[in-house]
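K.L.:
Fold the following.
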Amino acid sequence: MIDKTGKYITPKDYDRISAFSEGLAAVMKKDKWGYIDKKIKQVVPFSYQKAADFRDCAAAVLKNDEYGFINRNGKVIIDFMYDEVSEFIDGLCKVEMEDGAGLIDLAGNFVVPCEMDDISPQTESILKLEKDSKYAYFNKITREYIWKESGF
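P.N.:
Numbers count the residues shown, from 1 in each chain. You can find the predicted model right below:
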């Protein structure tokens, strides 16, 4: 990173630096990711295969080929057990495991079990869920089903 004058403000030994999100930036050094704060102080050690931006005070990180989530102090808040994850939006995150896709909250609790074939946004607050060729609509705000097809 450089400042407005072109002066380096981070060491040149980082392989990659992401944009700051919620006060931290993911940085890669020697093929491992960690996080630094705006004072360029390392906050989270370089121990992850991948590191995402912080959203809702949580960031997805990959370790031993499984995703989990950490807080801004680097503490694991949701265990490493997911094959794929998205980012938290409005306190919910789409996750994928061997059995399918689901939604978790910031505590790691399943709001929608990981047995969906597909979860896709329809509007800002409505998700379309598909399971065994049956459909349902889920409201992210109320965290309730709006409608379920017979047999869903």
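K.L.:
How many residues are close by residue 119?
P.N.:
Neighbour count for residue 119, taken as other C-beta atoms under 10 Å: 20. C-betas here are computed from N, CA, C, even on glycine.
K.L.:
so which strand or helix has it?
P.N.:
Taking DSSP states H and E as the criterion, residue 119 maps to strand 118-121.
K.L.:
partners of the helix or strand following that strand in the sheet?
P.N.:
Sequence order places strand 126-131 as the next helix or strand after strand 118-121, per DSSP H and E. Here strand 126-131 has these sheet partners by DSSP bridges: strand 118-121 (antiparallel), strand 134-139 (antiparallel).
K.L.:
Buried residues, the longest one. List them.
P.N.:
Put plainly, it is strand 134-139. Neighbour counts over strand 134-139 (16 or more other C-beta atoms under 10 Å) mark 136, 138 as buried.
K.L.:
centre of the chain versus stretch 41-53, how much separation?
P.N.:
Centroid displacement of stretch 41-53 relative to its chain, using C-alpha atoms, centre = their mean, to the nearest Å, is 13 Å.
K.L.:
got the end-to-end distance for it?
P.N.:
End-to-end distance of stretch 41-53 (C-alpha to C-alpha, to the nearest Å): 17 Å.
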